[in-house]
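Chemist: fold the following.
(chains A and B)
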Amino acid sequence: MKKFVVFIAKLLVIVVLSAVVLDVLYTMIYVNSSKRNKIEYVYNSKGKNFDVVFMGSSRTQNHMMAKLFDEKGIKAYNFGMSGSKLDETALLLKLMLERNYKIKNIFLDVDLNLNSNSKSEGTKALYMPYLHCSETIRNHYKTEASYNKLLYIPFYRYIEGDAKIGFREMFFSLTNKKSNALDNFGYFPLQGEGRNMKYDLSDYKPKRNFAYEEIKAICKKNNIHLIAIATPMCPECQSDAYFNSIKSVYPEVYNYENKVTDDKDFASCGHMNVDGARLFTSIILNDFIQNKFH
Amino acid sequence: MFFNSLQFAYFLPVVFLAYWFIPNKSKTSQNIVLTVASYYFYSCWDWRFMFLLLFSTLLVYFSGLKLEESKAEFSRKFWLWMTVIISLAFLGIFKYYDFFAVSFAELASGFGLHLDPLLLKLILPVGISFYTFHGLSYIIDIYFKRIEAEKNFIDYFLFVSYFPLLVAGPIERATHLLPQLKVKREFDFEKAKEGIYQIIWGLVKKVVVADTCAMYANAVFDNYNSMNSLSLVLGAVYFAFQIYGDFSGYSDIALGTSKLFGIDLLKNFDFPYFSRDIAEFWRKWHISLTTWFRDYIYIPLGGSRGSKLFQIRNVFIIFLVSGFWHGANWTFIAWGLINALYFIPLLVLNRSRNNLEAFKISFNLESLRILFNILITFTITCLAWIFFRAKTIHDAIAYIQRMVTDLHFAPQYFSFERYNYEIIIMILLFVMVEWNNRYKIEPLSGKYSWLKVSLSIMAIVALGIFTDYKNFIYFQF
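Modeler: Model (predicted):
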């Protein structure tokens, strides 16, 4: 039995060592990578200046052509992240400020995310490599039930988020493979026209959102002009009831939901294609230039 | 409590310590520890099923004693058939009742009769097929006087409920397991070490190979209508490795776990994908079930005696029953039938026992022929797996039809941000490791064992799927 105890002890050492070595290796690779997603781009940059920043979910990422702003001499970037909820958006904003970003205006797409206070595990995973390096990220997740495990158990955070920051993503980061997340000033174009588009919003109800309120407070404190908007859904969605009721919870939200109404401008019910995005961004740009958001 | 869960990682060391360090260690105290642990293990799924297991155990235990006491043939037959019928009735009600009710209603609607069948919608108790067969082999063996009825109920309870094999086998025989439970086990370091190696390799098969393949196989099978020929071929291959990694991985963990308690279980897999024909495949796949069917159905039916027609009938029966054992769905029956069809030519040509001996590969024509046969056997096995995996027979046929008619071979991108060919490298590596170690129980022992163990642990930690860990496929049977 003594031999067996020694044998098991050796195995446990291997397990712990493997986890530590892998954790250090993965973290090193992610911390030094800046070409794969917007979080690592922000983490690895410092002191950037923007006139306009777009933030939110895929409905920002696929709808806001920051380049059109840039062409008008307005320095802009689309920081929308597919799958992100307002909680992760708030963290991205905090990370930007930690990195000394100077931002004048933020367009924040809040619409569907006001339906709940839920968080995105997928987007959270993308923050995990920086847990030990960024106080902002640590503070943000301090109240999470799994915080101690994520922080203290080596490699646990990579196991938790293996779909997003597992071996494959690590390998691409290691080999410096560029992703398309950072092309086109952060805007990701969708192609084609959607068919049989439907999106049932009958169960949706806007609620008080703590992450949104945190973003508002951060912007106020840092003198950033926050413009909260709702962006278009396909005409079949019959979303008027939901989008109109947003105003009753947060009157400051600008409702652009019905500004693009042609089916041909949508790739899916919740996402406009490249033509729809161009049309929509032009409307926003026009209103921005005409100072309609003050 | 799955073998690949954290719960099991806590449970196993506790049972191990209680088992080896119990005061006044004796065979009885060891068996009590394992029996209590086994019932706790089983109750983790649903405590109510414990009563079903208890009933099944008591039924077979007392019937066994009564059968042995009986002198008259009528009485012996009564105890045998009563036990068989009640055991199968439970299995039938839980596993097959709804299937038969729906199938009968569908058949009746074909004749213009509208029936609204009463469905029970019962949850299938985990492992019911396994412990039912366990009990059946025991009572049949007593009837044929191959064994004596077990008098010690603790030993018998443990024989039926022993947790490493309780929910997905291997289906043990009283002749193999009971004698081991009748003696006090002494700790054997070499055996325990072998057990740990087997557990580690089983985990590699399950969480690295099977669960990764499952992601891809599910993506292909669930969307086969939009997949091209290459994806559909790969989908079938991925499923073949998913089910092999899943079930043989489970068996490795079960056998390894059992070795930690000084008990050997029956080998369940013997590198089946390196088989040279379908007969050899069935001698190497789910061995404990195949031999069960052979000993308790095929041989009593006459086996390979009698005319060819008679033998063909027996083969069809055995494969149909095997298909049906796997689940109440026509897809499993079709899978069994297809395997029977594969087997018939070998039987007719008297070649079903051609490939009994081990083979060696070198640079000659004979080796090329062997490799070609292995490839053909694997291909037809994959085709049959399509029926096993598809939701309906229609889906399986449509899948194959699209696979052979689409004829587009460009790599396809999946919604879970993966291309469908990335995993091939991992499968090839896995096949190489298995091939080089095909005469061993597991590939980790021997030269450089610490290096191999370290690499395996690294693979489990870095490549394993934990967040969304899948059930073992055979738990549903």
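
Chemist: for B:Leu6, grab the count of nearby residues.
Modeler: A count of neighbours around B:Leu6, defined by other Cβ atoms under 10 Å in any protein chain shown, yields 11. For the C-beta atoms, the positions are set from N, CA and C on the backbone; glycine is no exception.

Chemist: pLDDT wise, what is it at?
Modeler: Confidence at B:Leu6, expressed as pLDDT, is 83.

Chemist: in the stretch 351-477 of chain B, where is pLDDT below threshold?
Modeler: Filtered on pLDDT under 70, the stretch 351-477 of chain B yields the residue ranges B:415-419, B:467-470, B:472-477.

Chemist: can you map out the strands along it?
Modeler: Secondary structure of the stretch 351-477 of chain B (DSSP state E, counting those that start in this stretch): no strands located.

Chemist: how about the residues of the stretch 1-150 of chain A by chain B?
Modeler: Residues of the stretch 1-150 of chain A lying near chain B by Cβ under 8 Å from any Cβ of the partner chain: A:Met1, A:Lys3, A:Phe4, A:Phe7, A:Ile8, A:Lys10, A:Leu11, A:Ile14, A:Val15, A:Ser18, A:Ala19, A:Leu22.

Chemist: pick out the residue nearest the middle of chain A.
Modeler: Closest residue to the average C-alpha location of chain A: A:Met81 at 3.4 Å, with Cα atoms, centre = their mean.

Chemist: ok so, going back, what's the PyMOL line that selects buried ones from the residues of the stretch 1-150 of chain A next to chain B?
Modeler: If you want just the buried ones from these in PyMOL, going by 16 or more other Cβ atoms under 10 Å in any protein chain shown, the selection is:
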select buried, chain A and resi 4+11+14+15+18+19+22
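
Chemist: mind checking which of the residues of the stretch 1-150 of chain A next to chain B land in strands?
Modeler: Among the residues of the stretch 1-150 of chain A next to chain B, no member is found in strands (DSSP state E).

Chemist: any chance of the residues of the stretch 1-150 of chain A next to chain B in JSON lines, plus pLDDT and distance to B:Ala334?
Modeler: Listed next are the residues of the stretch 1-150 of chain A next to chain B as JSON lines, based on pLDDT from 0 to 100; distance: Cβ to Cβ, whole Å:
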{"residue": "A:Met1", "pLDDT": "87", "distance to B:Ala334": "51"}
{"residue": "A:Lys3", "pLDDT": "93", "distance to B:Ala334": "52"}
{"residue": "A:Phe4", "pLDDT": "94", "distance to B:Ala334": "48"}
{"residue": "A:Phe7", "pLDDT": "94", "distance to B:Ala334": "47"}
{"residue": "A:Ile8", "pLDDT": "95", "distance to B:Ala334": "46"}
{"residue": "A:Lys10", "pLDDT": "94", "distance to B:Ala334": "49"}
{"residue": "A:Leu11", "pLDDT": "94", "distance to B:Ala334": "44"}
{"residue": "A:Ile14", "pLDDT": "94", "distance to B:Ala334": "46"}
{"residue": "A:Val15", "pLDDT": "93", "distance to B:Ala334": "44"}
{"residue": "A:Ser18", "pLDDT": "93", "distance to B:Ala334": "44"}
{"residue": "A:Ala19", "pLDDT": "94", "distance to B:Ala334": "45"}
{"residue": "A:Leu22", "pLDDT": "95", "distance to B:Ala334": "44"}
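
Chemist: packing partners of the lowest-mean-pLDDT helix or strand in chain A?
Modeler: Lowest by mean pLDDT, DSSP states H and E among the helices and strands of chain A is helix A:240-249, with a mean of 83. Here helix A:240-249 touches strand A:254-255, going by 3 or more Cβ pairs under 8 Å, 6 or more residues apart in numbering or on different chains; DSSP states H and E.
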